[in-house]
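Trainee: Here is my input, please return the structure:
(one chain, ligands or ions: 4)
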Amino acid sequence: MRTEVKSTCCYCGVGCGVLIETEDGAITGLRGDPEHPANRGRLCTKGASLHQTVDSTYRLFFPEMRARRGETGQRVSWGQALDDAAERFADTIRQHGPDSVAFYISGQLLTEDYYVFNKLAKGLIGTNNVDTNSRLCMSSAVAGYKQTLGADAPPCSYADILNAKVIFISGANPAIAHPIVFRYIEDARAANPDLKIIVADPRRTETAEIADLHLPIKPGSDIALFNGMLHVLMAEDLLDQCYIDAHTSGFAELAGIAKNYPPERVAELCGIPAEAIVQAARWFGASKASLSLYCQGLNQSVHGTHNNVGIIHLHLATGQIGKPGAGPFSLTGQPNAMGGREVGGLSNLLSAHRDLANPEHRAEVARLWGVSDVPAKPGKSAVDLFKALKSGEIKAVWIACTNPAQSLPNQAGVREALRAADYVVLQETYGNTDTAEFADLLLPASGWGEKHGTVTNSERCITRVRSAVAAPGEARHDWEVAVDFARRLGQKLGRDDVDRLFPYADPEAIFDEHRESTRGRDLDITGLSYALLETQGPQQWPFPAGASAGKVRLYEDRRFPTADGRARFIPIEHQPVAEITTPEFPISLLSGRMRDQWHGMSRTGTVPRLFNLEDEPLLAMHPCDMRHRGLASGDLARVSNGRGEMTVRVSERAGLVKGRAWMPMHWGGQFMNSPGANAVASDAIDPYSQQPELKHAAVQIAKLDLPYPLAVLRRCASQSEALALLQRARTMLSAFPYVTVGLYGRTSPLVVLRGAAGEPVADAHLLALDRLFGLDGDDGAIVYVDATRRINKKAIAQDGRLLGVRLAGETLAQAWLKQAMAEDELDASLIRFALAPTAKPPVSMVARNIVCKCADVSDDQIQKELAHGADLPQLQQTLKCGTFCGSCVPDIKRMVAAHPPNMAAAA
Ligand SMILES: Nc1nc2c(c(=O)[nH]1)N[C@H]1C(S)=C(S)[C@@H](COP(=O)(O)OP(=O)(O)OC[C@H]3O[C@@H](n4cnc5c(=O)[nH]c(N)nc54)[C@H](O)[C@@H]3O)O[C@H]1N2
Ligand SMILES: Nc1nc2c(c(=O)[nH]1)N[C@H]1C(S)=C(S)[C@@H](COP(=O)(O)OP(=O)(O)OC[C@H]3O[C@@H](n4cnc5c(=O)[nH]c(N)nc54)[C@H](O)[C@@H]3O)O[C@H]1N2
Ligand code: SF4
Ligand SMILES: [Mo]
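Mentor: Ligands and ions are numbered 1, 2, ... in the order given. Reported below is the predicted structural model:
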């Protein structure tokens, strides 16, 4: 039977609604939910391919206990697994006190999961050592909002994007990281030709492409830019003095500082022209509605809190807040970064936006939970938590829904910490993340499409997440695991109140308790219930009892949740990045996101077509920096600093300023032979938010001569077959000085391995490689060997079609071969070209242009449909081209118009 279940996309903080299609208990398809307020039916490429991530090849099916780390675990029952874990935790707590254990959780957990973990640590065990990957993500935004506005609440809504007259995007790349938000920006531009878009980003990003003004500021110089803009606003009388006088405090002191930031000085500090600063300030100040959008470019910095404060200042100084189309709108990264903040899921927070440092707040939460007290001592934040693990101060850690052995900076230190830990529990959906190797106990969690509860998106909108299918094997919901563990631990610790503390039978019971904790707080949701969310759809907070709707916009009444009701200006000054480049480490390495991958790629990395934009880790560099090092696009380089190193292929990319390089954060130990960008990233932290400076590291880049290249391309019959082969290919990741593995594909999924060595690869090694990829037979094989040039190539065909190619010593043909194999178009006549030493496809092969980059549709696919009489709507229906960002629709229309009219249709 076919059904559709309403749920939410589990990737970014836009929080799009989806309709999951199921048939006979399996997920078979998916579309955007036309009724969801966040996306109104639209989805980006990641969301639209969610149903392709449900392959279970890498899933954890049952709890596994390991006698030795890194070795295959022993299957155990849930009872045994959790009893053992409870014994280990109880033992550690008895011997070394509650602060010797810790939980490291995630903004991708549901609010209900989060709530239980928080109560388990702070309420039951009595430690505040519960921190999350939101520390790497949103903690500077939290601190920035609290310092200025008094509470952690993004005051805006997506509707404000459509009402804005100026959109100031700083340290965010929504075209890639929040694509549906970017669709709203495009809509706003289409509806209002006078809209001005300003983008401040050290790189010329995809988002900067639509900007009227791009400010390619020096990394980390945002405070100087914001203070400089304030200087211009003051000098040109663009302040809203009435607003400042009536609703804020502290302006005089900040104005005294801003005086020292004239455009000429700021131009110097930021590395941009003074006129550009003046222009940005004029647009911002003179507009009827200025909206700021910002994210990790501001947050991931040693002065991330003040970066946030600086941009909020501009809104307070011009009264651009609390009205349609205006306000400082911090975009949240993870799907439930907001929910985590709401339940107090950081080591310095408490339930419902309460503060650990506040004795009254602690007493309130203790009362709510029915415990004698909540510990006052702040817990460790992410970076410090792992340092404490390394020093032995923390001995046991429970990791859930995050992959610290990839996503934390300074991986050498993090991995040492995981190795040093007495006991590591990992609660995961997949068994093949970099962190899995360090776990003593692996617990299988249910994943997207299986679990249910609630999440809150960037615009404070709470949505139900619903399960469409049952979890595979013995996988259990995260909240269930936490509750079960809590009860067992409580018993071992001799507590008689565990059943009272954790009475929940389902997520709704947890939600109801969380709801009660918000009564009278800024995020009061006492008017909400699962039933209301069910009948009336997603709702924004606050939504107090008696309300008929949530608040679209905060601070319309110009009262702020501070002691005197006024928002605060904070005296802030420009500060340098933690690591200034030096002659030894001359390049500033930036890191961030690619459109089609999600973090450590445990899910997106299983979908072949999501590799089609980029299927190999690439370090983007400026051409001058490359020339200076004798590098050309495609060469290999070693990127290093005092913390670590990685070997990576370099590519020249427009949009980078000299001295800056760019590496996506997604590639880690599952796809390359190093931890990736975080091998070198800095773990220096912001003093207020404790967020590490993931965005900038000073590195050295040197050419690496590995003259013997290697490439294997293997076509597979199905995605599962490809994933199984990819997993086997991972055993080769340490076989050569440079190795990467990945997928690719359209009609047929491919597994791709690339390598390079300093010496010719021995025949025995080649044979081992051929065996691994199933290319060792003679049937249908063609071989080319040139012993003097140390070239050795082999191709195997099956049923007249190419099955796989292994090229060693010379790999020129790999790019077009990959294309042809993925499209399943390499017919018999082309097989003999497979070993040709040419980077260009044979003339008989059609060169393909990808028309729709989102749906990955080529011009010849469109031509084929046109030959069958298709028009634009039919093309959109069958190929999905032009249904995502829509930027290719004009091209498709041109193709439709140019196509000779179909005789049958014309008749
Ligand atoms: N496709 C995709 N989308 C995602 C995610 C994903 O993994 N993949 N992850 C989600 C998550 S958790 C998050 S937090 C968001 C992140 O969303 P974003 O923050 O928008 O994305 P990033 O690419 O991390 O960084 C944004 C930009 O900051 C710029 N930047 C670097 N240093 C500076 C600086 O000093 N000043 C300024 N002004 N800019 C700087 C970078 O050049 C980059 O273009 O994305 C979410 N969406
Ligand atoms: N250099 C550099 N490093 C960065 C960043 C950067 O820009 N540059 N960005 C940082 C930011 S903003 C973020 S948010 C972090 C993200 O870093 P991580 O949190 O490490 O990223 P993910 O790969 O999303 O990890 C989530 C894990 O949870 C698993 N999972 C998925 N669903 C479930 C579930 O329902 N239950 C359980 N138990 N597990 C589940 C997934 O398989 C996955 O392995 O990375 C940070 N690291
Ligand atoms: S924009 Fe974000 S929430 Fe929406 S479909 Fe894409 S990844 Fe999912
Ligand atoms: Mo994030």
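Trainee: can we go C-alpha only for contacts and neighbour counts from here?
Mentor: Noted.
Trainee: Verify the contact between Gly644 and Ala679 for me.
Mentor: Yes. Contact between Gly644 and Ala679 holds when scored by Cα atoms under 8 Å: they sit 5.1 Å apart.
Trainee: of these two, who's got more company?
Mentor: A direct count of neighbours by other Cα atoms under 10 Å for Gly644 and Ala679 places Ala679 higher, at 26 against 20.
Trainee: hmm, back to that, shared neighbours of Gly644 and Ala679, anything?
Mentor: Shared contacts of Gly644 and Ala679, defined by Cα atoms under 8 Å, 6 or more residues apart in numbering, are found at Asn410, Gln411, Ala412.
Trainee: I'd like the distance from the residue lying closest to Asp24 once chain neighbours are set aside to Phe502, if you could.
Mentor: Nearest residue to Asp24, sequence neighbours excluded (Cα to Cα, 6 or more residues apart in numbering): Met1, at 5.6 Å. Distance, Met1 to Phe502, using Cα to Cα, to the nearest Å: 37 Å.
Trainee: Name the residue in the two with the higher neighbour count.
Mentor: For Met1 versus Phe502, neighbours defined as other Cα under 10 Å are more numerous around Phe502 (19 against 6).
Trainee: Now that one. Nearest residue, chain neighbours left out?
Mentor: In space, Phe502 is closest to Val483, 6.3 Å off (Cα to Cα, 6+ apart).
Trainee: Indicate the residue of the stretch 351-500 of the chain located nearest to ligand 3.
Mentor: Closest residue of the stretch 351-500 of the chain to ligand 3, Cα to the nearest ligand atom: Asn457 (8.7 Å).
Trainee: who touches that residue in this structure?
Mentor: Per Cα under 8 Å, 6+ apart, neighbours of Asn457: Gly13, Val14, Gly15, Thr332, Pro335, Asn336, Ala337, Met338, Gly339.
Trainee: So Lys390 is in contact with Ala421, correct?
Mentor: Yes. If you go by Cα under 8 Å, Lys390 and Ala421 touch, sitting 6.8 Å apart.
Trainee: More neighbours: which of the two?
Mentor: It is Ala421, of Lys390 and Ala421, that has more neighbours when counted by other Cα under 10 Å, with 23 against 20.
Trainee: Can you list phi and psi of Tyr294 for me?
Mentor: With angles defined as degrees, to the nearest 10, Tyr294 sits at phi -150, psi 160.
Trainee: how near is it to Asp222?
Mentor: Distance of Tyr294 to Asp222, given as Cα to Cα: 11 Å.
Trainee: between these two, which one's more packed in?
Mentor: Neighbour count, other Cα under 10 Å: between Tyr294 and Asp222, Asp222 has more, with 30 against 25.
Trainee: and the closest residue to the more buried one other than its chain neighbours, how far is that from ligand 4?
Mentor: Spatial nearest neighbour of Asp222, chain neighbours left out: Asn307 (6.1 Å); criterion: Cα to Cα, 6+ apart. The gap separating Asn307 from ligand 4 is 17 Å, by Cα to the ion, to the nearest Å.
Trainee: Now do the strands in the stretch 201-350 of the chain.
Mentor: Using DSSP state E, counting those that start in this stretch, the strands of the stretch 201-350 of the chain run over 213-215, 248-249, 290-294, 327-330, 349-350.
Trainee: Neighbouring strands - and their directions - for the fourth one?
Mentor: Neighbouring strands of strand 327-330 in its sheet, by DSSP bridges, are strand 290-294 (parallel).
Trainee: Can I get the strand it pairs with in PDB? Just the C-alpha atoms.
Mentor: Extracted C-alpha coordinates of strand 290-294, given in PDB (Å, rounded to 0.1, in the frame of the first residue of the first chain):
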ATOM      1  CA  SER A 290      17.400  46.300   6.500                       C
ATOM      2  CA  LEU A 291      17.800  42.600   7.200                       C
ATOM      3  CA  SER A 292      21.000  40.800   8.100                       C
ATOM      4  CA  LEU A 293      21.600  37.100   7.500                       C
ATOM      5  CA  TYR A 294      24.700  35.500   9.100                       C
END
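Trainee: quick one: contacts for the residue nearest to Asp24?
Mentor: So Met1 contacts Thr22, Glu23, Asp24 (Cα under 8 Å, 6+ apart).
Trainee: Show the buried residues in those residues.
Mentor: Neighbour-count burial within these applies to Thr22; the criterion is 16 or more other Cα atoms under 10 Å.
Trainee: In strands, which of the contacts of Met1 appear?
Mentor: Thr22, Glu23 (DSSP state E).
Trainee: Considering the contacts of Met1, which is situated nearest to ligand 3?
Mentor: Closest to ligand 3, out of all of the contacts of Met1 and judged by Cα to the nearest ligand atom, is Thr22, at 18.6 Å.
Trainee: Now Lys390: closest residue in space that isn't a chain neighbour?
Mentor: Ala417 (3.9 Å).
Trainee: Let me know the secondary structure of the one you found.
Mentor: helix (DSSP: H, G, I helix; E, B strand; the rest coil).
Trainee: measure it to Tyr708 for me?
Mentor: 36 Å.
Trainee: the more surrounded of the two?
Mentor: A count of neighbours by other Cα under 10 Å puts Ala417 above the other of Ala417 and Tyr708, at 22 against 18.
Trainee: what's near enough to touch the more buried one?
Mentor: Phe386, Lys387, Ala388, Leu389, Lys390, Ser391.
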